[in-house]
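Engineer: just coords:
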């Protein structure tokens, strides 16, 4: 038992990753149990920093080795894009996610597509933001790499260039080198 009233063996298993396991408590909450406290502290700091951003799950409680947060129903975006179209709304939400992280001072304004959940209403959620607290260039390399794998990177970059020209200009200095390394 982790905390009073929550018994892991009675909860629905949602998934596991490098940093821990996630279980659904009810329709609005889940609990993530961490393998190491270091990762808990990094993720908690990221979730708290993004608490007013619409794509970060709300934190309800935390303890020595767990965080209880808002449950984001849906599927990872990398899986969703296998059978569904990449839309302008998805492009808008992705660039807003990256730009909000940049404005909030995240050291890595980037994420993998597998860490973005698309819910049944089409809203994107950022889960597992542990690595957003690590140093990285202000260019969403992991996100773009995932979009390249799905063949929609061109659509995304065209959208960013047309609707977020300042963002595109900031990314442009990294783009040529990034694209060159991806085509080798």
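Structural biologist: Nice, thanks for sending it over. Computed from a prediction, not measured in an experiment: that's the story for all the values here. Numbers count the residues shown, from 1 in each chain.

Engineer: give me every residue that touches residue 25.
Structural biologist: Residue 25 makes contact with 6, 11, 31, 68, 71, according to CB atoms under 8 Å, 6 or more residues apart in numbering. The way it works is simple: take the backbone N, C-alpha and C, and place the C-beta from them, glycine included.

Engineer: how distant is stretch 92-100 from the center of its chain?
Structural biologist: Its chain's C-alpha centre and that of stretch 92-100 lie 11 Å apart, by CA atoms, centre = their mean, to the nearest Å.

Engineer: List the buried residues for that stretch?
Structural biologist: 93-100 (16 or more other CB atoms under 10 Å).

Engineer: Going along the chain, name the helices of the protein.
Structural biologist: For the chain, the helices defined by DSSP state H cover 37-49, 77-83, 88-103, 141-149, 153-163, 165-182.

Engineer: among those helices, which is nearest residue 112?
Structural biologist: helix 141-149 (5.0 Å; CB to CB).

Engineer: can you pick the most crowded of the contacts of residue 25?
Structural biologist: Neighbour tally across those (other CB atoms under 10 Å): the maximum, 25 neighbours, falls on residue 31.

Engineer: Report the contact partners of residue 11.
Structural biologist: Residue 11 touches 23-25, 31, counting by CB under 8 Å, 6+ apart.

Engineer: The residue at minimal distance from the centre of the chain pairs with what?
Structural biologist: When CA atoms, centre = their mean is applied to the chain, the residue found nearest the centroid is residue 126 (3.0 Å). Beta-bridge partners of residue 126, counted by DSSP bridges, are residue 116.

Engineer: right, and it touches residue 111 too?
Structural biologist: Yes. Counting by CB atoms under 8 Å, residue 126 does reach residue 111; the two are 6.0 Å apart.

Engineer: picking up where we left off before, give me every residue that touches the residue nearest to the centre of the chain.
Structural biologist: 50, 55-57, 97, 111, 115-116.

Engineer: Next, format those residues as TSV and append pLDDT.
Structural biologist: Output for these, formatted as TSV (pLDDT from 0 to 100):
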residue	pLDDT
50	92
55	95
56	95
57	96
97	95
111	90
115	93
116	96
